[in-house]
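Enquirer: make a model of this:
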Amino acid sequence: MSEIYLPEISREIQREVLVKHGINEALLAIRYNFEQNANPLNNLPYHNQEHTRRVIRRTTSILRAIQSVDPFLVKKEDIELGQLASVYHDIVQEWEEVGGKRKRFIGENERKSAEMALSFMDRVNKSDDIFSDTDKLIVKEAIEVTIPGFDQKLGTVTQPFLSSESSPITIAVALADIGSCGIDGPSIFLGEGDALFREENLDILRTLGEGVQNLTPEQRESFRERMLNWSKFQLRFVEGRQALLESDLSGIPQPAKD
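Expert: The predicted structure follows:
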């Protein structure tokens, strides 16, 4: 990457310009790697620019809600860090195929994504006055909090690294990543769920590309059963996320929760 030239402008404006540059650079990388990849299986129906842009938007909305009730808790610079963490949170998507399914390298992908965000911050930093070590730690934490877990009892995805002690930025990114059902409503949530199903089920994704006319009756029934099971899981996912909401919001002021 070529060096970014910034004229003699204030630190605040420099930081804003650099964050916007980081967002654009990361989105271009996501488009190249996961939408225009020479290997069609690396073109991801879910983990693409659309998902990333939605996480940026949702993160920004949550942080502004907190800022509206406590301007000292969330400042403009915090919103910028949230946006930077959001755009990089899924920039690494490495996987292997296991039994017709896409097995993503959960944990490793998020940590590598955090490393890429920090690498960008280091590359554009003229001094610690732009991105401090604390800023880097916050971005790293906010990305790694998106490492998912699973609650068997509730039947839903969790974020084990999220706690009431997490920073508002971390809480915002966590909720923005898997909170579309509560934030954006059912139509977007259902569309995202369908996209994630196609992404994870490589054999079905291939069939959609090649045509279903050559499927055996046994394959049709197997695909049908998996689709129905996924639909049932989606309902449990939403109910589980709703059950965990109060706990996930515990680190922010009550008026912002409302």
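
Enquirer: and the closest residue to residue 26 other than its chain neighbours, what's its pLDDT?
Expert: Setting aside the residues directly before and after it, residue 26 is nearest to residue 87 in space (C-beta to C-beta, 6 or more residues apart in numbering), at 4.3 Å. From N, CA and C alone the C-beta is placed, and that goes for glycine too. Listed pLDDT for residue 87 reads 98.

Enquirer: quick one: contacts of the helix or strand harbouring residue 87?
Expert: Using DSSP states H and E, the element containing residue 87 is helix 76-88. Contacts to helix 76-88, defined as C-beta atoms under 8 Å, 6 or more residues apart in numbering, come from residues 12, 15-16, 19, 22-23, 26-27, 52, 55-56, 59-60, 63-64, 67, 113-114, 116-117, 120-121, 135, 138-139, 142-143, 168-169, 172-173, 176.

Enquirer: show me which residues of that helix are buried.
Expert: Residues 78-88 are the ones in helix 76-88 that count as buried (16 or more other C-beta atoms under 10 Å).

Enquirer: what do you get for stretch 69-76?
Expert: Buried residues in stretch 69-76 (16+ other C-beta under 10 Å): residue 74.

Enquirer: any idea which element residue 204 lies in?
Expert: Secondary structure (DSSP H and E) places residue 204 in helix 202-210.

Enquirer: hey, C-alpha coordinates of that helix in PDB?
Expert: Taking Å, rounded to 0.1, in the frame of the first residue of the first chain, the C-alpha atoms of helix 202-210 are listed here in PDB:
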ATOM      1  CA  LEU A 202     -21.500 -26.000   0.300                       C
ATOM      2  CA  ASP A 203     -23.200 -29.000  -1.200                       C
ATOM      3  CA  ILE A 204     -26.500 -27.100  -1.400                       C
ATOM      4  CA  LEU A 205     -24.700 -24.000  -2.700                       C
ATOM      5  CA  ARG A 206     -23.100 -26.000  -5.500                       C
ATOM      6  CA  THR A 207     -26.500 -27.600  -6.400                       C
ATOM      7  CA  LEU A 208     -28.100 -24.100  -6.600                       C
ATOM      8  CA  GLY A 209     -25.400 -23.200  -9.100                       C
ATOM      9  CA  GLU A 210     -25.600 -26.400 -11.200                       C
END
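
Enquirer: name the helices or strands packed onto that helix?
Expert: Judged by 3 or more C-beta pairs under 8 Å, 6 or more residues apart in numbering; DSSP states H and E, helix 202-210 is in contact with strand 101-104, helix 186-200, helix 217-248.

Enquirer: recalculate using a threshold of 10 Å.
Expert: strand 95-98, strand 101-104, helix 186-200, helix 217-248 (3 or more C-beta pairs under 10 Å, 6 or more residues apart in numbering; DSSP states H and E).

Enquirer: take these and lay them out in JSON lines including distance to residue 45.
Expert: Compiled in JSON lines, the helices and strands packed on helix 202-210 are given as follows (distance: least, C-beta to C-beta, whole Å):
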{"stretch": "strand 95-98", "distance to residue 45": "13"}
{"stretch": "strand 101-104", "distance to residue 45": "10"}
{"stretch": "helix 186-200", "distance to residue 45": "4"}
{"stretch": "helix 217-248", "distance to residue 45": "14"}
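
Enquirer: quick one: which of the ones you listed is nearest residue 44?
Expert: helix 186-200 (5.3 Å; C-beta to C-beta).

Enquirer: so what's the residue nearest to residue 70 when sequence neighbours are not counted up against?
Expert: The spatial neighbour of residue 70 that comes closest, neighbours along the chain excluded (C-beta to C-beta, 6+ apart), is residue 253 at 5.5 Å. By C-beta atoms under 10 Å, 6 or more residues apart in numbering, the contact set of residue 253 is 65-66, 69-70, 73, 168.
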